[in-house]
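Enquirer: Quick check, what structure comes out for this input:
(2 chains)
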Amino acid sequence: DQQVKQNSPSLSVQEGRISILNCDYTNSMFDYFLWYKKYPAEGPTFLISISSIKDKNEDGRFTVFLNKSAKHLSLHIVPSQPGDSAVYFCAASGERHEGGGSNYKLTFGKGTLLTVNP
Amino acid sequence: DAGVIQSPRHEVTEMGQEVTLRCKPISGHNSLFWYRQTMMRGLELLIYFNNNVPIDDSGMPEDRFSAKMPNASFSTLKIQPSEPRDSAVYFCASRRRGPSGELFFGEGSRLTVL
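Expert: The predicted structure follows:
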């Protein structure tokens, strides 16, 4: 049972245009969301995150939008560049605290392969 | 900072053999995670440790899989006996104590079981 879903396995856009990657989740306990980027033969690397108390977070060309009522988030990349071509994973967590520490795990979607054409 | 270090990067073995994957987390990070990536299932969490203690191993597929973290700087994932369906890329990741933050992943160990 996939709690984090990325329904588009791939997306192709032209350089300079906007890329929009989508992610849906089912667990209402999730309160923190992240996007990771993965190049071939490398591990995923953190890109951007958003807490459930916000609906938007922006970092340069990357913006993540969160719609809690729809349990949906999206990553916008504008303008898209050929170097953005990679697999993008959406991830979610529900934080739990024990004795002042933090205790959580990330649940990932299956990923979306973004190809930005020159 | 050296990052999360995994070994081996590639492993090819025959069905029935024991496989041991190794991970050195980033110094100072107190949580360590083992993930498996396949085309069918994407990135699956197998097990994670907090302060060297296993917290959630519900993702470990079968008793053939086991993981240990004897100290803060080393963890192993063992498959015994291995099967062809275990072929995947296995990632180790770590994070530091504190508010929600990102995981730092190693480069992965690509396992092929013939």
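
Enquirer: For chain B, what lies in contact range of chain A?
Expert: B:4, B:30-31, B:33, B:35, B:41-45, B:48, B:50-51, B:55-56, B:91, B:93, B:97-100, B:102-108 (CB under 8 Å from any CB of the partner chain). From N, CA and C alone the C-beta is placed, and that goes for glycine too.

Enquirer: Could you name the helices and strands sitting against the helix or strand hosting residue A:47?
Expert: For residue A:47, the enclosing helix or strand under DSSP states H and E is strand A:45-51. Packed against strand A:45-51 by the contact rule (3 or more CB pairs under 8 Å, 6 or more residues apart in numbering or on different chains; DSSP states H and E) you find strand A:32-38, strand A:56-59, strand A:62-67, strand A:72-77.

Enquirer: Check what contacts the first one and list those residues.
Expert: Surrounding strand A:32-38, the residues in contact under the criterion CB atoms under 8 Å, 6 or more residues apart in numbering or on different chains are A:21, A:23, A:25, A:44-52, A:62, A:64, A:66, A:73, A:75, A:86-95, A:106, A:108, A:111, B:100, B:102, B:105.

Enquirer: Just say which of the helices and strands packed on strand A:45-51 is most tucked in.
Expert: strand A:32-38 (a mean of 23; mean count of other CB atoms under 10 Å in any protein chain shown).

Enquirer: Please save the CA atoms from that one in CSV.
Expert: C-alpha atoms of strand A:32-38 as CSV (Å, rounded to 0.1, in the frame of the first residue of the first chain):
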residue,chain,number,x,y,z
TYR,A,32,6.9,17.1,6.8
PHE,A,33,7.6,16.6,3.1
LEU,A,34,10.8,16.5,1.1
TRP,A,35,12.0,16.3,-2.5
TYR,A,36,15.1,14.4,-3.4
LYS,A,37,17.0,14.3,-6.7
LYS,A,38,18.9,11.3,-8.0
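
Enquirer: Let me know the secondary structure of the most centrally placed residue in chain B.
Expert: In chain B, the residue lying closest to the centroid (CA atoms, centre = their mean) is residue B:34, at 3.1 Å. Assigned by DSSP: H, G, I helix; E, B strand; the rest coil, the conformation of residue B:34 is strand.

Enquirer: helix or strand for the closest residue to it other than its chain neighbours, which one?
Expert: Among residues not flanking residue B:34 along the chain, residue B:46 sits closest, at 4.4 Å (CB to CB, 6 or more residues apart in numbering or on different chains). Here residue B:46 sits within strand B:42-50, counting by DSSP H and E.

Enquirer: so residue B:79 bridges to which residues?
Expert: As for beta bridges, residue B:79 partners with residue B:19, residue B:65 under DSSP bridges.

Enquirer: quick one, strands of chain B?
Expert: B:5-7, B:10-13, B:19-24, B:29-38, B:42-50, B:53-56, B:65-71, B:74-79, B:88-96, B:104-105, B:109-113 (DSSP state E).
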